[in-house]
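Undergrad: A predicted structure for the sequence below; I have some questions about it.
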Amino acid sequence: MTFLNSNSQLHHLAEFRPTSCPALSLYHILASTRKYEEAIAVGSRAIELGPSHHLSYGHLSVSMYYAGKFRKSISLIEKAMRLDPRYPAWYLEILAYDYFHIERYDKALEAWQSLLTR
């Protein structure tokens, strides 16, 4: 199976099971190939279909970060953190980077400290 075919199958899976592991992997594939707007579209659709799935917000936040949409990324990662108070540690890392890029160094430091004391 070629990458193109497997990528197409992931798109199909993401449409019907947007919170599945392969569908979430599609975000990473799209982001690593710099197809940020496509990754954002897939992530937005996942949230439409599963608005309480924290990982969808987390992965969409990563796509927004890579696309340079740091303020949107912050709102998404904070929503993910509210949906699952036992969120994965990488949420804090994304939050810290987002704040750093918008020059909110105090908030970035706070996120890094939270990550280190976790």
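TA: Sure thing, it's come through. Numbering: from 1, shown residues only.
Undergrad: contacts and neighbour counts: CA atoms only from here.
TA: OK.
Undergrad: skipping its backbone neighbours, what lies nearest Ser44 in space?
TA: Spatial nearest neighbour of Ser44, excluding adjacent residues (CA to CA, 6 or more residues apart in numbering): Leu60 at 7.1 Å.
Undergrad: please pull out the lowest mean pLDDT helix or strand from this protein.
TA: Lowest on mean pLDDT, DSSP states H and E among the helices and strands of the chain sits helix 3-16, with a mean of 50.
Undergrad: tell me the buried residues in stretch 48-59?
TA: By 16 or more other CA atoms under 10 Å, the buried positions in stretch 48-59 come out as Leu49, His53, His54, Leu55, Ser56, Tyr57, Gly58, His59.
Undergrad: nearest to Glu110, out of the residues you listed: which one, please.
TA: Gly58 (18.8 Å; CA to CA).
Undergrad: which SSE is the closest one in?
TA: Using DSSP states H and E, Gly58 sits in helix 54-66.
Undergrad: give me the contact list for the helix or strand following that helix.
TA: Next along the chain after helix 54-66, taking DSSP H and E as the criterion, comes helix 70-83. With contacts defined as CA atoms under 8 Å, 6 or more residues apart in numbering, helix 70-83 is touched by 52-58, 60-65, 87, 91, 94-95, 98-99, 101-102.
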